[in-house]
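Undergrad: Any chance you can model this:
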Amino acid sequence: MTAQRWLTVLGAALLWLSMASASASASASAEQPTATAATASATTGSVADPATGHRPPAATAPSGSAAAPGAVSPHADPSGCTTSVAWVVQGNNYFYGKGSVQCTTGRYKAKLVCRNNQTGTAYALYGTEVVNAPATASATCNTGNTAETVQAVADPVGTGLTGCVTWAEWVTQGTDHFYGRGSVQCDSGQYHVKIVCRNNQTGTAYVISGTEVVSAPATTSAVCNTGNTAETVQAALSPATGTSGCVTWTDWVTEGSSHFYGKGSAQCDSGQYQVKIVCRDQQSGTAYLTYGATVGAPNTSIATCRTGNTAETVQAAPYPASGPASGCVTWTDWVTEGSSHFYGKGSAQCDSGQYRVQATCYNNQTGQTYILYGPTVGAPSVSTVTCYTGNTAQSLVAQPQ
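TA: Now for the predicted structure:
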């Protein structure tokens with residue numbers, strides 16, 4: 001009987017231990033989803049419902065809000081941007097220029113070119129507020145200075161040569177030393193400044209390349225000869241690759257009392273190229289193309305129009321031309337045939353590939369516009385299209401085919 005009683009007690013003990021172990025296991029299993037939910041909550045920023053284990057969507061900043069400090073996002077150039085400038089007056093002695101930009105996509109801040117109206121000097125200025133589209137980013141100039149231009153700066157900035165702004169100044173030193181100065185500032189890349197200077201006495205132009213190469217966001221400048229003005233200013237990638245760093249300009253040349261004509265010039269920092277100009281006959285109103293000699297950088301390629309004709313557009317055409325449609329130029333004509341037949345005409349010509357001209361024509365009576373296409377041609381032929389009688393050719397595009 002004693003042995004039987006001990007066996008009964010031992011069996012009960014074993015049964016009690018088995019039930020306790022199962023209870024502990026069930027308790028641990030019940031706690032595991034809560035731990036998992038807590039981990040997910042730390043990752044997504046949402047809190048799990050303790051009753052159901054479900055989590056609401058993580059909170060996100062609205063698309064138009066300012067970017068969170070320290071947030072990292074891939075580079076994307078802002079697009080669909082509109083800009084505005086304002087003159088702000090606060091009180092009797094606090095006034096300044098303000099520039100604003102608003103885009104439809106991207107993340108960005110504002111950059112201004114400000115002008116000191118007393119000294120005539122200009123400078124680039126970044127706003128500190130970074131926003132996501134479609135919010136508005138703004139920046140303000142120093143007290144008393146005006147905002148000349150505004151643009152959006154991608155955040156983070158891109159690679160290569162991006163976001164360049166330029167400006168020209170007229171510098172006066174003393175009573176007899178005055179000259180034009182051109183400056184450039186970019187958001188990324190290495191660059192130097194190039195300016196087309198104009199001799200106001202002779203009317204001729206020439207190129208000055210700055211010798212200082214800087215890295216963004218530094219500003220670099222170059223000056224023209226005494227008495228000459230800075231006509232155009234641009235940033236040139238350093239070191240130059242391909243056919244790059246090109247500047248173009250026109251001159252009106254007078255030789256004697258009866259020989260005068262337009263001249264077009266092009267100069268680049270690298271590559272081979274030739275100048276290509278659209279000349280306009282002022283008597284007939286018609287336009288035509290003229291090419292200059294092929295040269296290697298940094299030489300200048302020059303072409304001249306016929307006597308009495310002006311150089312209307314100028315470009316540097318890489319040589320040899322390549323690609324589906326490269327080195328394209330377009331121009332419009334107003335054609336008069338007799339006393340009652342007159343119309344606009346659009347033309348396009350490229351140095352390579354196949355293409356056709358697309359013209360947006362304007363009906364001067366109804367105010368409506370329509371699009372017409374010229375025939376597809378191969379380089380260097382000219383594709384031409386004419387608008388209906390009495391209508392003008394407005395914007396033109398050379399379409400690769």
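Undergrad: drop to CA atoms for contacts and neighbour counts, all remaining ones
TA: Noted.
Undergrad: Make sure Thr290 is actually in contact with Val278.
TA: Yes. Counting by CA atoms under 8 Å, Thr290 touches Val278, with 6.6 Å between them.
Undergrad: ok, those two, which is more surrounded?
TA: Val278 (20 against 17; other CA atoms under 10 Å).
Undergrad: Give the other helices and strands that the helix or strand where the more buried one lies contacts.
TA: Using DSSP states H and E, Val278 sits in strand 272-280. Other elements packing on strand 272-280 under the criterion 3 or more CA pairs under 8 Å, 6 or more residues apart in numbering; DSSP states H and E are strand 259-267, strand 287-296, strand 300-304, strand 310-318.
Undergrad: Now do the buried residues in whatever helix or strand comes next after the last one.
TA: Counting by DSSP H and E, the element after strand 310-318 in chain order, helix or strand, is strand 329-337. When neighbours are counted by 16 or more other CA atoms under 10 Å, the buried residues of strand 329-337 are found to be Val329, Thr330, Trp331, Thr332, Asp333, Trp334, Val335.
Undergrad: Name the strands paired with strand 329-337 and say parallel or antiparallel.
TA: Paired strands of strand 329-337, with direction, are strand 341-349 (antiparallel) (DSSP bridges).
Undergrad: tell me the angle the strand it pairs with makes with strand 287-296.
TA: With axes from the mean of the first three to the mean of the last three CA atoms, to 10 degrees applied, the angle from strand 341-349 to strand 287-296 works out at 10 degrees.
Undergrad: ok, and for strand 341-349, which residues are buried?
TA: Here strand 341-349 shows Phe342, Tyr343, Gly344, Lys345, Gly346, Ser347, Ala348, Gln349 as buried, counting by 16+ other CA under 10 Å.
Undergrad: nearest to Val213, of these?
TA: When those are compared for distance to Val213 (CA to CA), Gln349 wins out at 36.4 Å.
Undergrad: Report pLDDT for the residue nearest to the spatial centre of the chain.
TA: The centre of the chain sits closest to Gly163, judged by CA atoms, centre = their mean, with a distance of 6.5 Å. Looking at Gly163, its pLDDT stands at 95.
Undergrad: what pairs with Gly99 across the strands?
TA: Beta-bridge partners, per DSSP bridges, of Gly99: Val85, Ala139.
Undergrad: cool, Val295 as well?
TA: The partner list for Val295 in beta bridges (DSSP bridges) reads Tyr273.
Undergrad: That one touches Gln272, doesn't it?
TA: Yes. Between Val295 and Gln272 a contact is recorded at 5.6 Å, counting by CA under 8 Å.
Undergrad: before we move on, back to that, can you list the buried residues of strand 329-337 in TSV and add distance to Ile195?
TA: Listed next are those as TSV, based on distance: CA to CA, whole Å:
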residue	distance to Ile195
Val329	23
Thr330	25
Trp331	26
Thr332	29
Asp333	32
Trp334	34
Val335	37
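Undergrad: more neighbours, Val295 and Gln272?
TA: Using other CA under 10 Å as the criterion, Val295 and Gln272 rank with Gln272 on top: 23 against 20.
Undergrad: Contact partners for that one?
TA: Counting by CA atoms under 8 Å, 6 or more residues apart in numbering, Gln272 touches Thr243, Thr294, Val295, Gly296, Ala297, Pro318, Tyr319, Pro320.
Undergrad: Tell me how far it lies from Asp187.
TA: Using CA to CA, to the nearest Å, Gln272 is found at 28 Å from Asp187.
Undergrad: in what helix or strand does the closest residue to Val130 other than its chain neighbours lie?
TA: Spatially, and ignoring its direct neighbours in sequence, Val130 is nearest to Lys109 (4.7 Å; CA to CA, 6 or more residues apart in numbering). Per DSSP H and E, Lys109 falls inside strand 107-116.
Undergrad: just checking, next helix/strand downstream of that strand?
TA: Sequence-wise, the next helix or strand downstream of strand 107-116 (DSSP H and E) is strand 122-126.
Undergrad: Quick one: neighbours of Phe95, just the number.
TA: Other residues close to Phe95 by other CA under 10 Å number 17.
Undergrad: Surely it forms part of a strand?
TA: Yes. Phe95 sits within a strand when classified using DSSP: H, G, I helix; E, B strand; the rest coil.
Undergrad: who's in contact with the closest residue to His259 other than its chain neighbours?
TA: In this structure, His259 finds its nearest non-sequential neighbour in Thr307, 6.2 Å apart by CA to CA, 6+ apart. With contact set as CA under 8 Å, 6+ apart, Thr307 has these partners: His259, Phe260, Tyr261, Gly262.
Undergrad: related to what we said a few turns ago, correct me, but the residue nearest to the centre of the chain touches Cys186?
TA: Yes. Using CA under 8 Å, Gly163 makes contact with Cys186 at a distance of 5.1 Å.
Undergrad: Show me the protein divided up by domain.
TA: 68-156, 158-239, 242-320, 324-401 (automatic domain parsing).
Undergrad: ok, the residue nearest to His259 to Ser284 distance?
TA: Counting by CA to CA, the gap from Thr307 to Ser284 is 13 Å.
Undergrad: and if you look at His192?
TA: Relative to Ser284, and taking CA to CA, His192 is found at 43 Å.
Undergrad: between the two, who's got more neighbours?
TA: His192 (25 against 11).
Undergrad: looking at the sheet around the more buried one, what are its partners?
TA: Here His192, judged by DSSP bridges, has bridge partners Ala236.
Undergrad: picking that back up, can you give me the distance of the residue nearest to the centre of the chain to Ala154?
TA: Computed as CA to CA, the Gly163 to Ala154 distance reads 8 Å.
Undergrad: repeat for Ser322
TA: Applying CA to CA, the value for Ser322 to Ala154 is 32 Å.
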